[in-house]
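J.: Here is the input, now give the coordinates:
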Amino acid sequence: GWVATNIVRGTTELFQQALARLAYPVDGAGISSTMNALFRPQVGTTEKDDYLVNFRTGSKFLEPLGVMSKWAARWKVRDLVVGFMAFFVLLPFQRFGFGDFLIMPSSPESYSVPLQDGLYDWSLEAVKQWL
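T.: Presented below is the predicted three-dimensional model:
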């Protein structure tokens with residue numbers, strides 16, 4: 001879900017005010033997914049559901065529409081629908097569907113070993129000056 005932080009530069013004061021009213025607070029619900037991922041012992045123990053969220057609908061709502069399928073990801077249909085929903089559905093209504101510990105499947109790409117290896121290699125290259 002959306003979390004009200006001050007890290008987005010170049011935004012208007014109106015946008016920051018909207019985030020403060022609509023997004024989760026950074027010192028509460030907004031950090032719940034991160035804290036659950038770090039400290040809940042059962043996280044990562046299932047093969048199917050491995051992604052922590054804090055909003056009830058998520059992809060469970062989109063799966064019957066076919067938006068979370070591999071073809072939708074390949075043709076960027078998923079990205080367009082999820083982007084639209086994130087701004088026009090999730091942001092205004094996320095507080096009504098809050099769940100403090102929700103686990104669901106992540107995107108199809110996250111299970112691709114070549115993509116995982118590529119991300120690791122890119123990350124290592126990006127931070128090598130600090131290692």
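J.: and the top helix by length along the chain, average pLDDT?
T.: Assignment by DSSP state H gives helix 113-127 as the longest helix of the chain. The average pLDDT within helix 113-127 is 94.
J.: What residues of that helix count as buried?
T.: Neighbour counts over helix 113-127 (16 or more other CB atoms under 10 Å) mark no residue as buried. All C-beta atoms are positioned from the backbone trio N, CA, C, and that covers glycine.
J.: contacts for it?
T.: Here helix 113-127 makes contact (CB atoms under 8 Å, 6 or more residues apart in numbering) with E109, S110.
J.: With stretch 24-39 instead?
T.: Contacts for stretch 24-39 (CB under 8 Å, 6+ apart): 1-5, 23, 43, 52-54, 94-95, 98, 100-101.
J.: send the alpha carbons of the longest helix of the chain over as PDB?
T.: This file holds the C-alpha atoms of helix 113-127, laid out as PDB (Å, rounded to 0.1, in the frame of the first residue of the first chain):
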ATOM      1  CA  VAL A 113      15.900 -18.000 -11.700                       C
ATOM      2  CA  PRO A 114      17.600 -16.200 -14.700                       C
ATOM      3  CA  LEU A 115      15.900 -12.900 -13.600                       C
ATOM      4  CA  GLN A 116      16.900 -13.500 -10.000                       C
ATOM      5  CA  ASP A 117      20.500 -14.100 -11.100                       C
ATOM      6  CA  GLY A 118      20.500 -11.000 -13.300                       C
ATOM      7  CA  LEU A 119      19.100  -8.800 -10.400                       C
ATOM      8  CA  TYR A 120      21.800 -10.200  -8.100                       C
ATOM      9  CA  ASP A 121      24.600  -9.400 -10.600                       C
ATOM     10  CA  TRP A 122      23.200  -5.900 -11.300                       C
ATOM     11  CA  SER A 123      22.900  -5.200  -7.500                       C
ATOM     12  CA  LEU A 124      26.400  -6.400  -6.900                       C
ATOM     13  CA  GLU A 125      27.800  -4.200  -9.700                       C
ATOM     14  CA  ALA A 126      25.700  -1.200  -8.400                       C
ATOM     15  CA  VAL A 127      27.200  -1.300  -4.900                       C
END
